[in-house]
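In: Sequence first, then the predicted structure:
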Amino acid sequence: NNGTPIAEPVWFKAGAQIFADGGLDYLGNPSLVHAQSIVATLITQVVLMGLVEGYRINGGPAGEGLDKNYPGGDYFDPLGLADDPDTFAELKVKEIKN
């Protein structure tokens with residue numbers, strides 16, 4: 001048996017491993033990230049996303065020329081799936097509602 005053992009092969013149950021006795025090892029390596037607390041994981045996620053969004057809103061490269069409270073620009077439709085402006089506006093609204 002080579003490789004990383006898969007403790008939970010069903011993808012939608014994999015996150016519940018953080019509540020197990022040993023916690024959750026990302027990529028099967030306990031020295032990489034060993035998450036044992038859902039609260040610490042949540043706080044880390046909120047802080048990291050807050051920093052990224054704060055950088056974008058305050059004029060980082062991904063936020064230049066954008067409405068600060070609404071997604072859009074070149075990064076919203078990178079594959080060019082919405083060539084029609086009306087379809088593009090509809091997709092934006094659907095993304096916000098999702």
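Out: Received it, and whenever you're ready, just let me know what you need.

In: which is the next helix or strand following the top helix by length along the chain?
Out: Criterion DSSP state H: the longest helix present in the chain is helix 38-57. Next helix or strand after helix 38-57 toward the C-terminus (DSSP states H and E): helix 85-97.

In: shaky segments in this structure?
Out: The chain contains residues with pLDDT under 70 at 1-7, 27-28, 59-77.

In: In it, which residue is most central in space?
Out: When Cα atoms, centre = their mean is applied to the chain, the residue found nearest the centroid is residue 49 (8.2 Å).

In: Help me confirm that residue 16 comes into contact with residue 38.
Out: No. Taking Cβ atoms under 8 Å as the definition, residue 16 is not a contact partner of residue 38, at 10.1 Å. Every C-beta, even on glycine, is put in place using the N, C-alpha and C of the backbone.

In: re the thing from before, name the helices or strands packed onto the longest helix of the chain?
Out: Of the remaining helices and strands, none touches helix 38-57 by 3 or more Cβ pairs under 8 Å, 6 or more residues apart in numbering; DSSP states H and E.

In: Could I get the buried residue list for it?
Out: Judged by neighbour count (16 or more other Cβ atoms under 10 Å), helix 38-57 contains these buried residues: 41, 56.

In: hey, C-alpha coordinates of it in CSV?
Out: Extracted in CSV, the C-alpha atoms of helix 38-57 (Å, rounded to 0.1, in the frame of the first residue of the first chain):
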residue,chain,number,x,y,z
ILE,A,38,-13.3,23.8,13.8
VAL,A,39,-13.3,27.2,15.5
ALA,A,40,-9.6,27.8,14.7
THR,A,41,-10.2,26.7,11.1
LEU,A,42,-13.2,29.0,10.8
ILE,A,43,-11.3,32.0,12.3
THR,A,44,-8.3,31.4,10.0
GLN,A,45,-10.6,31.2,7.0
VAL,A,46,-12.4,34.5,7.9
VAL,A,47,-9.1,36.3,8.5
LEU,A,48,-7.6,35.1,5.3
MET,A,49,-10.6,35.9,3.2
GLY,A,50,-11.0,39.3,5.0
LEU,A,51,-7.4,40.2,4.1
VAL,A,52,-7.9,39.3,0.4
GLU,A,53,-11.2,41.1,0.1
GLY,A,54,-9.8,44.1,1.9
TYR,A,55,-6.9,44.2,-0.5
ARG,A,56,-9.2,44.0,-3.5
ILE,A,57,-11.6,46.7,-2.2
